[in-house]
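**Q** Sequence first, then the predicted structure:
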Amino acid sequence: MTLAAPMADVHVALVEPEIHWNVGNVGRTCLAVGAQLHLVRPLGFSLDERQVRRAGLDYWEHVQPRIWPSFEVMEPQLTDLGEPFLFCAREGSPLWDVRFPRRVVFVFGRESVGLAPGLRSRYRNRLVQIPILDDRVRSLNLSTSVALALYEALRQRQTADNPARS
């Protein structure tokens, strides 16, 4: 099986992530597919060596995340990176209904509250949800959601690059 090339034109932005374990898993997934990780402050943890070691991120030096001081600083540069798509637990188009462009930025909010209402309002036509079929489940884990988004983008590329797979 031939896989697509690394997705260097795909970016994942974690806005104010709170849990270093999730960021570690997201970093590993970004590294696996060749996507660029962006971390938007404030962070709910330290990126110092001890914290990184504790999270088991022995590959972190290869992830090389770009750190932003705030979303207000990053936002004007979003379109330079790619087309933004913001993920929400209960709003937006279902993941499998969205056709992602090659240059794309997947934006995810904090584990506890997601993205701010004002941000969701500004990007109303760019909201994506990963369908949750059981109402007892409030949301999916951040690292799970990022993995689903990245691998859906990879699947779409594989299908586009190899039409026999569709």
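**A** Yep, it's here. From a predicted model like this one, the values you see are computed outputs, not experimental measurements.
**Q** Run through the strands of the chain in chain order.
**A** Remark: strands assigned in the chain by DSSP state E are 10-15, 36-40, 66-68, 83-87, 93-94, 104-108, 127-129.
**Q** Adding mean pLDDT and distance to residue 117, write those strands out as a markdown table.
**A** Just so you know, the C-beta spots here come from the backbone N, C-alpha and C atoms, and that holds for glycine as well. Below are the strands of the chain laid out as a markdown table (pLDDT from 0 to 100; distance: least, Cβ to Cβ, whole Å):
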| stretch | mean pLDDT | distance to residue 117 |
| --- | --- | --- |
| strand 10-15 | 98 | 13 |
| strand 36-40 | 97 | 17 |
| strand 66-68 | 97 | 20 |
| strand 83-87 | 98 | 12 |
| strand 93-94 | 98 | 18 |
| strand 104-108 | 98 | 14 |
| strand 127-129 | 98 | 12 |
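**Q** Let me have these in CSV, extended by distance to residue 158 and mean neighbour count.
**A** Output for the strands of the chain, formatted as CSV (distance: least, Cβ to Cβ, whole Å; neighbours: other Cβ atoms under 10 Å):
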stretch, distance to residue 158, mean neighbour count
strand 10-15, 14, 24
strand 36-40, 20, 21
strand 66-68, 26, 14
strand 83-87, 19, 20
strand 93-94, 20, 12
strand 104-108, 15, 24
strand 127-129, 19, 20
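**Q** Mind putting those into JSON lines with distance to residue 157?
**A** Output for these, formatted as JSON lines (distance: least, Cβ to Cβ, whole Å):
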{"stretch": "strand 10-15", "distance to residue 157": "9"}
{"stretch": "strand 36-40", "distance to residue 157": "16"}
{"stretch": "strand 66-68", "distance to residue 157": "22"}
{"stretch": "strand 83-87", "distance to residue 157": "15"}
{"stretch": "strand 93-94", "distance to residue 157": "19"}
{"stretch": "strand 104-108", "distance to residue 157": "11"}
{"stretch": "strand 127-129", "distance to residue 157": "17"}
